[in-house]
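Participant: Build me a structure from this.
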Amino acid sequence: MATIPLILEKVNLDRRMAKWLNMQNGDVGEPADFALLPDNTATVIGNPWGVGGELRMKGSNDGVNWFQLTKTDHVNPCMWAMNGMVLMLERPRFIRPEVTGGDGTTLLDVHIMFR
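Facilitator: Prediction:
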């Protein structure tokens, strides 16, 4: 399991883009701290997803204990098994992606727009 470095981009005055690139099965992303930018939309793109590829978005307020985040429908977890975009419900201090399934070909890119 590798920790994938966080790439930060300033998009404009009030928006930031967090990126984790080339994530493989078992990888976790370096945590993003955007507590002052509470609105976020996550996109995950697999190239490829591989067999059983899955990514989950986790949140933490202390950077130690990580919990599954939920979609804004208040029911479904923020997880992907194919390319997609989702708005996350919770607004913890830290957010990071975790690749929780896949094979040797799984290669995922994660982008989160914060504002």
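
Participant: any idea where the strands of this protein begin and end?
Facilitator: Using DSSP state E, the strands of the chain run over residues 3-4, 7-12, 15-23, 28-29, 32-33, 40-46, 54-60, 67-68, 79-80, 84-87, 94-101, 108-114.

Participant: how about TSV for the ones you listed, with mean neighbour count and mean pLDDT added?
Facilitator: Heads up, the C-betas are built off the backbone N, CA and C, glycines and all. Formatted as TSV, those follow (neighbours: other Cβ atoms under 10 Å; pLDDT from 0 to 100):
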stretch	mean neighbour count	mean pLDDT
strand 3-4	16	98
strand 7-12	10	92
strand 15-23	18	95
strand 28-29	22	98
strand 32-33	18	91
strand 40-46	20	93
strand 54-60	21	96
strand 67-68	12	96
strand 79-80	21	92
strand 84-87	14	92
strand 94-101	22	96
strand 108-114	21	94
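
Participant: Can you pull the phi/psi pair for the residue of the chain positioned farthest from its centre?
Facilitator: When distances are taken from the C-alpha mean of the chain, Leu13 lies farthest, 22.5 Å away, according to Cα atoms, centre = their mean. Main-chain dihedrals, Leu13, degrees, to the nearest 10: phi -60, psi -40.

Participant: Could I get the pLDDT score of it?
Facilitator: Leu13 is assigned 86 on the pLDDT scale.

Participant: so how far is Val99 from it?
Facilitator: Leu13 sits 33 Å away from Val99, going by Cβ to Cβ, to the nearest Å.

Participant: Could I get the buried residue list for stretch 65-72?
Facilitator: Buried residues in stretch 65-72, defined by neighbour count with 16 or more other Cβ atoms under 10 Å: 66, 69-71.

Participant: what distance separates the start and the end of that stretch?
Facilitator: End-to-end distance for stretch 65-72, by Cα to Cα, to the nearest Å: 22 Å.

Participant: Tell me the gap between it and the middle of its chain.
Facilitator: Stretch 65-72 sits 10 Å away from the centroid of its parent chain (Cα atoms, centre = their mean, to the nearest Å).
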